[in-house]
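*Asks:* Show me how the following folds:
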Amino acid sequence: MTSRLCPHSEAPNSGFFALETAKDPNPKDLKMLFPQMILRRVPLLGIILALAACSKNETKPIKEPTDAVAATKNEQRDSITLYSGRSQVLIEPLLTEFTQRTGIKVDVRYDKSTQNLATRLLSEGAQSKADVFFAQDSGYLGALAKQNVLAQLPEALLALVPATHRDAQGKWIATSGRARVLVYDPSAVQPDDLPKTLSELTDSKWKDKLGWAPGNASFQAHVSALRHLWGEEKAAEWLSKIKDLNPKTYPKNSPQVKGVSNGEIQIGWVNHYYLHKLKAANPELKAANYSFSQAQDAGNVMMLSGIGIVSHSKKKEAAQKLVEHLLSEKSQQHFTTKIYEYPTRTGIKANAALPDISSLMSHVPQEHLADVGGTLKMLRDLKLQ
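*Replies:* Numbering: from 1, shown residues only. Prediction:
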């Protein structure tokens, strides 16, 4: 079984690449780097009063540990803490199975924002209770690895996935992937009429026919990738041209798929798996996915979820077992058959509903997808935020 800890809500809406020191960040550094973060300080008077109150209590003889205390200590040894940017509904079945198989309990701190969790882990430093970090967007794992927050993974484990699906220094490994695609209305648009590249989406023929979600994390991650693939000027120019086409703005991905199906728009810009999840619930859904036909185009980006072991963890052996579990054949099949994501382990077949698009993918370093600070500024400058 898994138990859930309350998510932490205090984190900035910007990247954290500016932190260069490998040692634990001090409060002054964090306040400068993350101005939106509230760094709590316990007043000295409160500490003095608390100590004074304790001193009034009678000194009691030390007792031998009871069975209950011993059981608690054993439970602590047989448990690990996971910081998860992946949602509870997606991964809880895998964690439950892990506990049943190994006897290791997983205490989970969920947060829908991997960025929030990464910022929290950095601020906690060596005092963090986290043993494992599971990221919705592996770019943040790359940033944490550069700060020496993640431990080295065994070569045998890293060898389970292609080089593009793991950290070059061996500090994190991808567990599954989500492809960025266009979702379109096949009754209104033929595949041959769709743009061969993302840059061609600015054609005036798509005016009043597009949908997008500038406030969505996946959108922002892809724009972050574009800034590195194309450069700042071209990325901003592309966004401006799309804006001129008067696209319908949605809060996230799934409403775009529904909007295509009900005729609100002809094309949306989404992650691939939303179509499959919605079609599983409604087979009559009228929409299809499209990957840009030009190989390595900037529109064909795979967004990887990944996992790493926290370097300060005192339970690395148990933590490694969880990483191994998520890379097991059974877990990889779960990701692709139940969640419609692409498996990362070599030799695991993707869900039959997912086309093989590996030859089309643009190989962009995942940490570029997490460089959202510049992206948010660009979106604000263009009045898209």
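
*Asks:* Distance from stretch 229-245 to the middle of the chain?
*Replies:* Distance of stretch 229-245 from its chain centroid, counting by Cα atoms, centre = their mean, to the nearest Å, is 25 Å.

*Asks:* avg pLDDT for that stretch?
*Replies:* Mean pLDDT, computed over stretch 229-245, is 98.

*Asks:* Can you report how many residues neighbour Gln92?
*Replies:* Careful, residue 92 is Glu; it's not Gln. 18 (other Cβ atoms under 10 Å). For the C-beta atoms, the positions are set from N, CA and C on the backbone; glycine is no exception.

*Asks:* For the helix or strand hosting it, buried residues please.
*Replies:* Following DSSP states H and E, one finds Glu92 within helix 88-102. Applying a neighbour-count criterion of 16 or more other Cβ atoms under 10 Å, the buried positions in helix 88-102 are Leu90, Ile91, Glu92, Leu94, Leu95, Phe98, Thr99.

*Asks:* average model confidence for the helix or strand following that helix?
*Replies:* Counting by DSSP H and E, the next helix or strand C-terminal to helix 88-102 is strand 105-110. What strand 105-110 shows for mean pLDDT is 98.

*Asks:* Pull up the pairing partners for strand 105-110, direction included.
*Replies:* Sheet pairing for strand 105-110, assigned by DSSP bridges, gives strand 2-5 (parallel), strand 79-84 (parallel).

*Asks:* Sort out which residues of it are buried, please.
*Replies:* Buried residues in strand 105-110, counted by 16+ other Cβ under 10 Å: Lys105, Val106, Val108, Arg109, Tyr110.

*Asks:* Include distance to His312 when you put these into JSON lines, please.
*Replies:* Conversion of these to JSON lines gives the following (distance: Cβ to Cβ, whole Å):
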{"residue": "Lys105", "distance to His312": "20"}
{"residue": "Val106", "distance to His312": "18"}
{"residue": "Val108", "distance to His312": "18"}
{"residue": "Arg109", "distance to His312": "15"}
{"residue": "Tyr110", "distance to His312": "21"}
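
*Asks:* And those, which is closest to Ala280?
*Replies:* Distances from Ala280 to those, taken as Cβ to Cβ, are shortest for Tyr110 (23.7 Å).

*Asks:* Tell me what the closest one is bridged to.
*Replies:* Beta-bridge partners, per DSSP bridges, of Tyr110: Ser84.

*Asks:* hmm, back to that, relative to strand 105-110, how tilted is the helix holding Glu92?
*Replies:* Counting by axes from the mean of the first three to the mean of the last three Cα atoms, to 10 degrees, helix 88-102 lies at 170 degrees to strand 105-110.

*Asks:* what does helix 88-102 contact?
*Replies:* Helix 88-102 is contacted by residues 1-2, 4, 82, 84, 104-106, 108, 110, 134, 318, 321-322, 325-326, 330-331, 334, 338-339 when judged by Cβ atoms under 8 Å, 6 or more residues apart in numbering.

*Asks:* Tell me the spatial nearest neighbour of Thr175, not counting adjacent residues.
*Replies:* Spatially, and ignoring its direct neighbours in sequence, Thr175 is nearest to Leu326 (5.0 Å; Cβ to Cβ, 6 or more residues apart in numbering).

*Asks:* starting at the chain centroid, how far to stretch 347-356?
*Replies:* 21 Å.

*Asks:* Perfect, I'm done here.
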